[in-house]
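> Need a 3D model of the following:
(chains A and B)
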Amino acid sequence: DTGVSQDPRHKITKRGQNVTFRCDPISEHNRLYWYRQTLGQGPEFLTYFQNEAQLEKSRLLSDRFSAERPKGSFSTLEIQRTEQGDSAMYLCASSRRRLAGGLTDTQYFGPGTRLTVL
Amino acid sequence: RKEVEQDPGPFNVPEGATVAFNCTYSNSASQSFFWYRQDCRKEPKLLMSVYSSGNEDGRFTAQLNRASQYISLLIRDSKLSDSATYLCVVNDDMRFGAGTRLTVKP
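Below is the predicted model:
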């Protein structure tokens, strides 16, 4: 399977614990995105990378959240001191940025990591 | 005003019906638009891109109206398997709508 993969698929944690999620994008894709989705809402943009550079972060991404993509391949999203409000599906997507002046290629999503904070 | 807004739904239609969804966006400079389909507890999957001149893929037609800043999705001859949530996205801004839930009934 050469699609976007995410690990773990489910995570249950207690309030105050730290959690880390991993995303492996499609291999030739240079852009990687993180979204959060709660029931009845569309995905909310958190941050994205082009190669290893983190180019944009949403206001939703508080200082408890950090994302990395150290070698421009897989990415991790860490949430420190989790709160019950962090319970959501965390989606990763990847795309291939075309040459300068072109449109961003289609985003392909991974299956998501469902986080439950007790 | 939200950056991307969709018809709230839900839409409940009989098999064979034609149904249309609209999605408005606030950034007039946006260039890239898509429709995604999301099944319950699954990830969004690309349904189709939206081109300036409008485009069709089988029973699905997508249109863009830049003057009024909206995109639309038309589904003809709807099938039970079309039941899902349909999300529009302004790709430049990575902003998704909240989704419109469609249920097609026998």
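
> ok, now how distant is the residue in chain A that chain B sits nearest to from A:Arg96?
At 3.6 Å from chain B, A:Gly42 is the closest residue in chain A, using C-beta to the nearest C-beta. Yep, even glycine has a C-beta here, placed from its N, CA and C like the rest. A:Gly42 sits 23 Å away from A:Arg96, taking C-beta to C-beta, to the nearest Å as the criterion.

> where's the residue lying closest to B:Ile75 once chain neighbours are set aside relative to A:Leu32, distance?
Leaving aside its sequence neighbours, B:Ile75 sits nearest to B:Val19 (C-beta to C-beta, 6 or more residues apart in numbering or on different chains; 5.2 Å). Separation of B:Val19 from A:Leu32 (C-beta to C-beta) stands at 34 Å.

> now A:Gly85: how far from B:Val19?
Counting by C-beta to C-beta, the gap from A:Gly85 to B:Val19 is 35 Å.

> The lowest-mean-pLDDT helix or strand in chain B: partners in the sheet, and parallel or antiparallel?
Here the helix or strand of chain B ranked lowest by mean pLDDT, DSSP states H and E is strand B:95-96, holding a mean of 88. Partners of strand B:95-96 in the sheet, by DSSP bridges, are strand B:84-90 (antiparallel).

> need the residues of chain A near chain B, please.
Counting by C-beta under 8 Å from any C-beta of the partner chain, chain A comes close to chain B at A:33, A:35, A:40-45, A:48, A:91, A:103-104, A:106-112.

> which among those residues end up buried?
Among the residues of chain A next to chain B, those classed as buried by 16 or more other C-beta atoms under 10 Å in any protein chain shown are A:33, A:35, A:42-45, A:48, A:91, A:104, A:106-112.

> Low-confidence regions, chain A specifically.
In the predicted model, chain A carries pLDDT under 70 at residues A:1, A:98-104.

> distance of the residue nearest to B:Ile75 from B:Leu102?
6 Å.

> Next: A:Arg31.
In terms of C-beta to C-beta, A:Arg31 sits 30 Å off from B:Leu102.

> B:Pro8 too?
12 Å.

> quick one: which of these two has more around it?
B:Leu102 (21 against 10; other C-beta atoms under 10 Å in any protein chain shown).

> In chain B, what residue lies closest to chain A?
B:Phe96 (3.6 Å).

> hang on, the earlier thing: state whether the residue of chain A closest to chain B is indeed within a strand.
No. A:Gly42 is assigned coil when assessed by DSSP: H, G, I helix; E, B strand; the rest coil, not a strand.

> Might you report the residue contacts of the closest residue to A:Lys11 other than its chain neighbours?
Sequence neighbours aside, A:Leu115 is the residue nearest to A:Lys11 in space, at 5.0 Å (criterion: C-beta to C-beta, 6+ apart). Applying C-beta atoms under 8 Å, 6 or more residues apart in numbering or on different chains to A:Leu115 gives the contacts A:11-13, A:19, A:21, A:79, A:82, A:86-90.
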